[in-house]
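> no letters, just coordinates:
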Ligand SMILES: [Zn+2]
């Protein structure tokens with residue numbers, strides 16, 4: 001289970017898509033199903049901060065990769 005929290009641009013590398021409010025989860029994998037705006041910041045397996053849209057959040061929670069927002073903090 002990786003760390004997650006409400007999207008915060010400060011956590012992301014300046015100038016990266018994630019820092020600009022975009023979803024880095026789908027940018028790396030499947031842009032076709034992306035909901036667009038990032039709503040969650042989470043750490044991937046390498047401990048790097050990624051951003052995710054509502055669909056990414058749903059998928060990652062379903063897979064058990066991150067906790068639903070507002071829980072476990
Ligand atoms: Zn997305």
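Sure, I can see it. Please read these numbers as outputs of a predicted model, since none were measured by experiment.

> buried ones in the lowest-mean-pLDDT helix or strand in the chain, by neighbour count?
When the helices and strands of the chain are scored by mean pLDDT, DSSP states H and E, helix 24-28 comes last with a mean of 86. Buried residues in helix 24-28, counted by 16 or more other Cβ atoms under 10 Å: 24, 25, 26, 27. C-beta coordinates here come from the backbone N, C-alpha and C atoms, glycine included.

> restrict these to those near the ion?
residue 26 (Cβ under 5 Å from the ion).

> name the surrounding residues that touch the helix or strand hosting residue 56.
Per DSSP states H and E, residue 56 falls inside helix 54-63. With contact meaning Cβ atoms under 8 Å, 6 or more residues apart in numbering, helix 54-63 is reached by 4, 23, 25-26, 33-35, 39-40, 42, 52, 66-69.

> just the buried ones from the residues you listed?
Here, 16+ other Cβ under 10 Å leaves 4, 23, 25, 26, 34, 39, 40, 42, 52, 66, 67, 69 buried among the contacts of helix 54-63.

> which of those sit farthest apart?
Comparing all pairs in the buried ones among the contacts of helix 54-63 by Cβ to Cβ, the longest separation belongs to 34 and 67, at 21.4 Å.

> just to check, residue 33 is in contact with residue 26?
Yes. Using Cβ atoms under 8 Å, residue 33 makes contact with residue 26 at a distance of 6.7 Å.

> quick one on the thing from earlier: by contact count, what packs against the least confident helix or strand of the chain?
strand 49-52, helix 54-63 (3 or more Cβ pairs under 8 Å, 6 or more residues apart in numbering; DSSP states H and E).

> pull out the buried residues from the helix holding residue 56.
Those would be 55, 56, 57, 59, 60, 61, for helix 54-63 by 16+ other Cβ under 10 Å.

> quickly check: that helix near the ion or not.
Yes. Judged by Cβ under 5 Å from the ion, helix 54-63 and the ion are in contact via residue 56.

> sounds good, over and out.
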